[in-house]
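> predicted model, plus sequence, below.
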Amino acid sequence: MRTARLTPGTPTPTGVAGGADPVVLVAHGSRDPRAAEATRALARAVAAARPGTPVWASWLDHTEPGPTEVLRELAVAGHRGAVLVPLLLTAAYHHRVDIPAAVAAATQAGPPLAVRVTDVLGPADGRVDPALLAGLRRRLGESRPGRFDALVLAAAGTRDARARGSVGRVADALGAEFGVPCRVSYASAAPPSTGVAVSLLRAAGARRVAVAGYFLAPGLFHDAVTEEARAAGAVAVAAPLNDAPELVELVLRRVDDRSGRCALAPAV
């Protein structure tokens, strides 16, 4: 697994002569160094689960390299194709605008490279992947909540109504898994906050409310969610998904799935 830049003299890469196309993971990016390290850990785990496939980490903001740089350097190294996996839980602005722009910039100059962009890790075509739910269950169990009678799914937040709808589908599915009511909360951009969501459930009669973190990596948003939830009386707050085995499985499903809504950036 590589997370640094390709350098001159890179050996003939896997994928040039019939091997697997490299996988480029694209995270949002954060000023918090914990987030970048979580992305690197996920890339290492994906590479370990798929021997022979080069796996690269990239970021849209705050951390280098960006996806355009990685794709260009893969083309220079001799790859003819790559699979780009957005490490995003909703198909909002970054998926609709930033990632297509990064791919377009990479394929406008230099050696040809065909780039297949997969679905995000959140619900695709309205379906919540079982691996995503399993990862949330794992992290919730690791938080040792004991018995709980209500849940909050705490997400980063978005102004995109469709994206919020997809978060709601995950909350519905997670609540059904445990047989308890599950409300959504957001750390930014949309109400309610996690503290408010926990308080509303407690006011409705819930005695033990647990919080599942709908985050891929630690950072300021998850820190704020944790503080608010505890102040409101939540019995536990789950950690982000990070490099959970179920998340690795989900990434590889996206890599292997050629039937979903994937964009193909043609070679130029």
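All right, it came through fine.
> tell me where the model's unsure across the stretch 151-268 of the chain.
Along the stretch 151-268 of the chain, the model assigns pLDDT under 70 to residues 259-268.
> what strand or helix carries Glu249?
helix 245-256 (DSSP states H and E).
> now that helix: buried residues?
Residues Glu246, Leu247, Val248, Glu249, Leu250, Val251, Leu252, Arg253, Arg254, Val255 are the ones in helix 245-256 that count as buried (16 or more other Cβ atoms under 10 Å). Every residue, glycine included, has its C-beta placed from N, CA and C.
> what's the nearest residue to the third one if we skip its chain neighbours?
Meaning Val248. Nearest non-adjacent residue to Val248, counting by Cβ to Cβ, 6 or more residues apart in numbering: Ala45, 4.7 Å away.
> neighbours of the one you found, just the number please.
Using other Cβ atoms under 10 Å, Ala45 has 19 neighbouring residues.
> so Tyr186 bridges to which residues?
Ala155 (DSSP bridges).
> list the contacts for Asp257?
With Cβ atoms under 8 Å, 6 or more residues apart in numbering as the criterion, the residues that contact Asp257 are Thr118, Asp119.
> the residue lying farthest from the centre of the chain and Ala101: what is the separation?
Relative to the C-alpha centroid of the chain, counting by Cα atoms, centre = their mean, Gly205 is the outermost residue, at 33.2 Å. Counting by Cβ to Cβ, to the nearest Å, the gap from Gly205 to Ala101 is 48 Å.
> ok, now Val235?
Val235 is 43 Å from Ala101, by Cβ to Cβ.
> tell me which of those two has more neighbours.
Using other Cβ under 10 Å as the criterion, Val235 and Ala101 rank with Val235 on top: 20 against 13.
> that one contacts Arg207, correct?
No: between Val235 and Arg207 there is no contact under Cβ atoms under 8 Å: 9.1 Å.
> those helices in the protein, which residues are they?
33-49, 67-76, 93, 99-107, 130-142, 161-178, 194-203, 220-231, 245-256 (DSSP state H).
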